[in-house]
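Trainee: Sequence and predicted model, in that order:
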Amino acid sequence: MDKISHAIGFGYRRHIHEWTIANLRHFDVLEITLDHCLVGSEAAKAMIFDLVGEIPLTAHGIGLSIGTDAPLDHAYLDEIAALLDRLKAPAYSEHLAFTRVPGRDLGNLLPLPKTMEVAERVIDKVRQVQSRISVPFLMENITYIFDWPDSELSDADILSHICAETGAGILLDVENLYLNSQNHRFDPYAFLDRLPANAVQEVHVAGGVTLTEDILPRPLLQDTHSHPVPEAALDLLDYALRRQAPSAIVLERDDRLEAAEEILDDVARLRARFGRMIETSAIETVDVKPVAAPADQVA
Amino acid sequence: MSSQLLHRQTKLLEYLTGSAGIFGRARGLSNEPPLQGLDLGLLHLEARFSHEKRMQKIDWVLTRTLELLASKREAVVRDFVEACPPASITWLDNARQLHAFLQSRWTQGTVEPAWLPDVAAYEIAYATVRAGERRASLQDGLVAASGSIRLHPSALLLCCSYDIRCILEGRDDDIPARRETHLVVAMLPSSDEPLVSALSPPVFELMGMLTEFVDPTAFGDTPELIRLLDDLAATGLIEVCP
């Protein structure tokens, strides 16, 4: 009987490079934000590239804005493709979202109208991305404050449809799922049930804060990547893993980095709950619709 | 021709990056066609969070500049938001946007405090050097005659109208004197942070002539000059082509 294990990892942040190196033994994998390799000093980039061979790396992006209804930035994609090769990353993940339009860049992930028309446009973009990179492409569910009134698909359905049509994998952010389910009042377990089995290739976990505002009918949970992962999110992950076999579970942390012991505590919690070996026979077969790789995709 | 979706996305970003979205008090559902049905209260939160994130990036670079704006800061930021929507996610690009906006304002009226432009220029220079921006170097394949010298490719020269060193050194009770002060900011080899040095006017003038590789004998061959160039080479502030 085949067995696999989930690698437990951490999203690399330059500000705590020394700490990360000193604690490398606690992680099976580091997630590199590719955009951090594109800007910044040569020394900072070298710190990232020096990790190659020291620990497995996986690659995440924040600058693609695949949901912008304008041509993709092919020069940016070419830089990403080169970085993926240099980092020997097994996959490249990005968000099902948009962050900019020509001339304006919000720097924050925004939701798309969840319609079939929008899904088709994203599908075309995903295929373009796949044609330019040499590793699997993964799409991540985002957290959002507002939704478009003409959205007609559920979060799970649009993500599943895009991934099924393109063969892209899913990066499941369980914190985003948990926050959205609380903020927008839907059943997160139903979301998980609607994802194709085995489509989730990587997982993000994080912890945020609760915001109370006069204009809100109830407190808003914010994805600040600043606090320990809530148990409720880990419960969701536990449930997700009944049908999914992600290769990596990555803890994201961007704020309160000085509370480094919380990072190690979270990793220990993840390892205790999910670092065990699992039997692949317990996972349902893949029901993602297979698609032919684009002709110019380089293996 | 813009698609309908791109049009809606553009209108949304215009709203989220504008004063109405960030500072406005509109609530309820939007009636504006491209944004029709969107919750204005939630858009305000999105706009505010994004603006705060942008200002945090700018604050990382222009920390003292923003402090020195003091009571004018809020009004300046509001005008900045309207004039300069974010065009990039990097902190340096956003800080440069604010700096350019401030420079434009400073040409139109009295600057208070008077040394604010010097502090802002210094903070941009420091961040630029720290971010690793540099001119092409010998390592990039630049060809130069053996023995020729040049300012270190990362180095930026600043001629300040005020002696702002007390501010840079955190001596907040001191008032910068009106005195031309020449600074160089450079990321030297084996250093994690930029080096900031005050230069005498002649040395500053000399270094200003070294943005390209030149033959050092063009400046003369007095023992004092040779010693000076040796010292600058030893500190790494000028590089010598082998």
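Mentor: Here it is on my side, so go on.
Trainee: all contacts plus neighbour counts: C-alpha atoms, from now on.
Mentor: OK.
Trainee: List of residues touching the helix ranked longest in chain B?
Mentor: Criterion DSSP state H: the longest helix present in chain B is helix B:40-61. The contact list for helix B:40-61 (CA atoms under 8 Å, 6 or more residues apart in numbering or on different chains) reads A:106-108, A:145-146, A:215-216, B:15-17, B:21-30, B:66, B:86, B:90-92, B:94-95, B:98, B:123-124, B:127.
Trainee: Any stretches of chain A with poor pLDDT?
Mentor: A:1-4, A:276-299 (pLDDT under 70).
Trainee: mind listing what whichever residue of chain A sits closest to chain B touches?
Mentor: Here the residue of chain A nearest chain B is residue A:41; by CA to the nearest CA that distance is 3.8 Å. Residue A:41 makes contact with B:130-133, according to CA under 8 Å, 6+ apart.
Trainee: Mind doing that once more with 7 Å?
Mentor: Going by CA atoms under 7 Å, 6 or more residues apart in numbering or on different chains, residue A:41 touches B:130-132.
Trainee: quick check, residue A:93 in a helix?
Mentor: No - applying DSSP: H, G, I helix; E, B strand; the rest coil, one finds residue A:93 to be strand, outside a helix.
Trainee: doesn't residue A:139 make contact with it?
Mentor: Yes - using CA atoms under 7 Å, residue A:93 is in contact with residue A:139, at 5.7 Å.
Trainee: higher neighbour count, those two?
Mentor: Taking neighbours as other CA atoms under 10 Å in any protein chain shown, residue A:93 and residue A:139 compare with residue A:139 leading, 26 against 23.
Trainee: Quickly list what the more buried one is bridged to.
Mentor: Beta-bridge partners recorded for residue A:139 (DSSP bridges): residue A:94, residue A:170.
Trainee: Right, and chain A sits closest to which residue of chain B?
Mentor: Among all residues of chain B, residue B:132 sits closest to chain A, at 3.8 Å; criterion: CA to the nearest CA.
Trainee: Setting the sequence-adjacent residues aside, check what's closest to that residue.
Mentor: Among residues not flanking residue B:132 along the chain, residue A:41 sits closest, at 3.8 Å (CA to CA, 6 or more residues apart in numbering or on different chains).
Trainee: helix/strand/coil for residue 196?
Mentor: All of this refers to chain A. coil.
Trainee: wrong chain, I was asking about chain B
Mentor: Following three-state DSSP, the label given to residue B:196 is strand.
Trainee: quick one: contacts for it?
Mentor: Applying CA under 7 Å, 6+ apart, we find residue B:196 in contact with B:183-186.
Trainee: Output those residues as CSV; include the columns distance to chain A and pLDDT.
Mentor: Below are the contacts of residue B:196 laid out as CSV (distance: CA to the nearest CA, whole Å; pLDDT from 0 to 100):
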residue, distance to chain A, pLDDT
B:183, 21, 97
B:184, 18, 95
B:185, 15, 96
B:186, 13, 94
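Trainee: From these, which land in strands?
Mentor: Mapping the contacts of residue B:196 onto strands (DSSP state E) picks out B:183-186.
Trainee: ok, the residues you listed vs residue B:142, which is closest?
Mentor: residue B:186 (19.3 Å; CA to CA).
Trainee: tally of neighbours for the closest one?
Mentor: The number of residues packed near residue B:186 is 28, by other CA under 10 Å.
Trainee: OK, contacts around the nearest residue to it once chain neighbours are set aside?
Mentor: Nearest residue to residue B:186 in three dimensions, chain neighbours excluded: residue B:155, at 4.1 Å (CA to CA, 6+ apart). By CA under 7 Å, 6+ apart, the contact set of residue B:155 is B:184-187.
Trainee: Would you mind writing the ChimeraX command to select the buried ones in those residues?
Mentor: What follows is the ChimeraX syntax for the buried subset of the contacts of residue B:155, where burial is set by 16 or more other CA atoms under 10 Å in any protein chain shown:
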select /B:184,185,186,187
